[in-house]
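Chemist: okay, sequence plus prediction incoming.
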Amino acid sequence: MGQRVLKKADALIEALGYIQRFNEKIVVVKLGGSFMDNQDEFRKVLTDIVFMQAVGMRPVVVHGGGKAITQAMSDAGLKAQFVMGRRYTDDRTLAIAEHVLISDINAFIVKTINEQGGKAMPLHSLGSIVIFGEKLFLSDPQGQKIDIGRVGHITSVNAELLAALCQADFIPVIAPIAGDNAGGKLNVNADTAAGFVAAACKAEKMVLVSDTHGIRENKDDPDSLLRSVTRQGIEKLIASGQVGEGMLPKVEACLIALDGGVAKTHIIDGRFPHSLLLEIYSDLGVGTEIVRG
């Protein structure tokens, strides 16, 4: 009993320095991946976010929901169509995505945070929009524009509103549907959205919580996890093909955040209990941090 108690005390002392360092600092947390399908795992991550706020951090949440959207499309008799690796989004697909992201996932996050003593503020396309974009076109090898429907790339973020909410002790919870200049809506990649939000808010950190342990030096070797890597190191891994398609959007989001002035970005596994707290408040961490350099 005595040793266990002492270990807990040591952990709290270790966390103290990080708590003091990150007091009043904005930290963007992006939630996505299969751990969200497990309510127990999902709730534990949300508990970590409430803890972060309770000890003085200013968390801002951005969430995805790709797997749930695909399932909802299948239930509606729709088959996903892809153009050059991108999901084509027509009006019906966008409506399904909006319903899943807002009525299911965003509402669950807000409800759970509030039940645990936090104050969550839902930000989405059926209420207050904080991310804005323009229609995204792809290009074929001949340079011709390819239309992929209601898909957008982010052009601006209402960082002033996010900062005001954080100062008022709210936890903003953002669904990745952007508004455009014509009053329309565009589906955007949630990882990319998190990167732009972190950059716009000048966040201290951005943490991508998913179902991967982090970045491997050799993508086929689970023992080659990199604890820390620089932007230059990431570029080499991309060039060598060690950062594959599933990891690439996350890595690109981290680079967007770093270019925007964010000090550190992290990729961690939400299936590991309290991985978010361990990554932020301990010396070792549990995932991969990407830093400038």
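Modeler: The structure has been received and is ready for your questions.
Chemist: for the protein, which spans come out with low pLDDT?
Modeler: Residues of the chain that meet the criterion pLDDT under 70 lie in 1-2, 5-6, 8, 85, 284.
Chemist: longest helix in it, by number of residues?
Modeler: helix 2-21 (DSSP state H).
Chemist: helices or strands up against that one?
Modeler: helix 275-281 (3 or more CB pairs under 8 Å, 6 or more residues apart in numbering; DSSP states H and E). From N, CA and C alone the C-beta is placed, and that goes for glycine too.
Chemist: ok now the helix it packs on, how far from the chain's centre?
Modeler: 15 Å (CA atoms, centre = their mean, to the nearest Å).
Chemist: skip ahead from that helix and say which helix or strand is next.
Modeler: strand 288-291 (DSSP states H and E).
Chemist: can you point out the buried residues in that next one?
Modeler: Thr288, Glu289, Ile290, Val291 (16 or more other CB atoms under 10 Å).
Chemist: and if you look at stretch 96-111?
Modeler: For stretch 96-111, by 16+ other CB under 10 Å, it's Ile96, Ala97, Glu98, Val100, Leu101, Ile102, Ile105, Asn106, Phe108, Ile109, Val110.
Chemist: quick one: end-to-end distance for that stretch.
Modeler: 21 Å (CA to CA, to the nearest Å).
Chemist: contacts made by that stretch with the rest, please.
Modeler: 31, 36, 42, 46, 61, 63, 65, 68-69, 72-73, 76, 78, 89, 120-122, 124-126, 173, 175-177, 185, 187 (CB atoms under 8 Å, 6 or more residues apart in numbering).
Chemist: chain center to the longest helix of the chain: distance?
Modeler: Distance, stretch centre to chain centre, for helix 2-21: 28 Å (CA atoms, centre = their mean).
Chemist: next: stretch 247-266.
Modeler: 11 Å.
Chemist: run through who's touching that stretch.
Modeler: For stretch 247-266, using CB under 8 Å, 6+ apart, the contacting residues are 28, 30, 189, 191-192, 194-196, 198-200, 202-208, 210, 212, 215, 219, 231, 234, 238, 243, 267, 279-280, 285, 287-292.
Chemist: in strands only, show me those.
Modeler: Val28, Lys30, Lys205, Met206, Val207, Leu208, Ser210, Ile267, Thr288, Glu289, Ile290, Val291 (DSSP state E).
Chemist: what about the fourth one, how many residues close to it?
Modeler: What it means is Met206. 32 (other CB atoms under 10 Å).
Chemist: circling back to that earlier point, now tabulate the buried residues of stretch 96-111 in TSV and tack on distance to Ser224 and secondary structure.
Modeler: Shown next, in TSV, are these (distance: CB to CB, whole Å; DSSP: H, G, I helix; E, B strand; the rest coil):
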residue	distance to Ser224	secondary structure
Ile96	38	helix
Ala97	35	helix
Glu98	39	helix
Val100	35	helix
Leu101	34	helix
Ile102	39	helix
Ile105	33	helix
Asn106	36	helix
Phe108	35	helix
Ile109	33	helix
Val110	38	helix
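Chemist: can you tell me which of the buried residues of strand 288-291 is nearest Leu162?
Modeler: Nearest to Leu162, judged by CB to CB, of the buried residues of strand 288-291 is Ile290 at 22.3 Å.
Chemist: the closest one contacts Val229, correct?
Modeler: Yes: shown here, Ile290 and Val229 form a contact pair, counting by CB atoms under 8 Å, at 5.7 Å.
Chemist: tell me the buried residues within the contacts of stretch 96-111.
Modeler: 31, 36, 42, 46, 61, 63, 65, 68-69, 72-73, 89, 120-122, 124-125, 173, 175-177, 185, 187.
Chemist: tell me the contacts of the nearest residue to Pro222 once chain neighbours are set aside?
Modeler: Nearest residue to Pro222, sequence neighbours excluded (CB to CB, 6 or more residues apart in numbering): Arg216, at 7.1 Å. By CB under 8 Å, 6+ apart, the contact list for Arg216 reads Pro222, Ser224, Leu225, Leu226, Gln242.
Chemist: just to revisit the earlier point, the buried ones among the contacts of stretch 96-111 in helices, which ones?
Modeler: Short answer: these in helices (DSSP H) are Phe42, Leu46, Ala68, Ile69, Ala72, Met73.
Chemist: out of those residues, what pair is the most spread apart?
Modeler: Leu46 and Met73 (25.9 Å).
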